[in-house]
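Visitor: quick one, fold the following:
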Amino acid sequence: MTDIDDLLQRVAIRATSDSENLPAPVSKAQIAEAEAQLGFTLHPLLARLYREVADGGFGPDYRLLPLLGPGSSVASEYLTRREASAGVEHPEWPEGVVPILTWGCAMYAGVDCLSGDGQVLLFEPNPYCGGAWDQCWFLDSASLAAWLETWLAGTGWFEEDAFDRHDLIEPQPWKQAASRLSSSA
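Guide: Numbering: from 1, shown residues only. Here you go, the predicted model:
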C-alpha cells in the first residue's frame, strides 16, 4: 500500500465516521465530465478522493463540495468565478484552481490543479479594497496530501481551538497570485 493509498483509506474512515449520509463516490465518467467542463485535468489525488471516498460531504468544517450537480459544486463554482474574471482588468480567480469547499463569508479553499502537489489555497476576499485580487490569495498547504493530513490530525488553522496553540501555522500570502491572476486576464 502506498502512502497515498493509506491516506485515502484514513480519509474514508474519518469521512464515514463523521457523516451518516455520505454521498456515493463519483464514477470515472463523472470525473471525465467534470474535467471536460473545467477544461483541464483534476489533480490526481483530488480525483481519487471523489472517486474512492465520496462526492463531497466530508472534510474540514463546511465539508467538500460535490464535484458536479445542481447548485454549488466544484465545477459550477469554478466556472462562475472564471466567467467573472474573464476580460476584466483585475481577475479574481486564477485558471486551474478549483474551489473545493467554502469557509463561509465568501472564503474558499481551492486546489491548484496546475501544481504538481496540488497546493491548497485560501481565497479570502474580505480585505479587498479595490485594485488587484492577489492580496486575497493565501497558500494554505503546499500539497493536498499535507492539507488532508492536517485535517485528520486536527491541527489546521480552521480548527475551533487553533488560535490557542503555539504551533499554529497560518496560511501565508500566495507568492504566485499576481502572476497567475495576470495570466488569467
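
Visitor: name the single longest strand found in the protein.
Guide: Counting residues, the longest strand found in the chain (DSSP state E) is strand 97-104.

Visitor: right, and the helix or strand after that strand?
Guide: Downstream of strand 97-104, the first helix or strand assigned by DSSP states H and E is strand 107-112.

Visitor: show me what that following strand is packed against.
Guide: strand 97-104, strand 120-123 (3 or more CB pairs under 8 Å, 6 or more residues apart in numbering; DSSP states H and E). (C-beta placed from N, C-alpha, C; glycine too.)

Visitor: out of the ones you listed, nearest to Thr80?
Guide: Shortest distance between Thr80 and those, using CB to CB, is found for strand 97-104: 9.3 Å.

Visitor: what angle do strand 107-112 and that closest one make with each other?
Guide: Using axes from the mean of the first three to the mean of the last three CA atoms, to 10 degrees, one finds that strand 97-104 and strand 107-112 are set 160 degrees apart in direction.

Visitor: circling back to that earlier point, which of the helices and strands packed on strand 107-112 sits most buried?
Guide: Mean neighbour count, computed with mean count of other CB atoms under 10 Å, is highest for strand 120-123 among those, reaching a mean of 25.

Visitor: helices or strands up against that strand?
Guide: Packing contacts for strand 120-123, counted by 3+ CB pairs under 8 Å, 6+ apart, involve strand 97-104, strand 107-112, strand 137-141.

Visitor: that strand pairs with which strands, and in what direction?
Guide: Looking at strand 120-123 with DSSP bridges, its partner strands are strand 107-112 (antiparallel), strand 137-141 (antiparallel).

Visitor: what residues of the lengthiest helix in the chain count as buried?
Guide: Ranked by residue count and defined by DSSP state H, the top helix of the chain is helix 3-18. Within helix 3-18, the residues that count as buried by 16 or more other CB atoms under 10 Å are 7-8, 11-12, 14-15.
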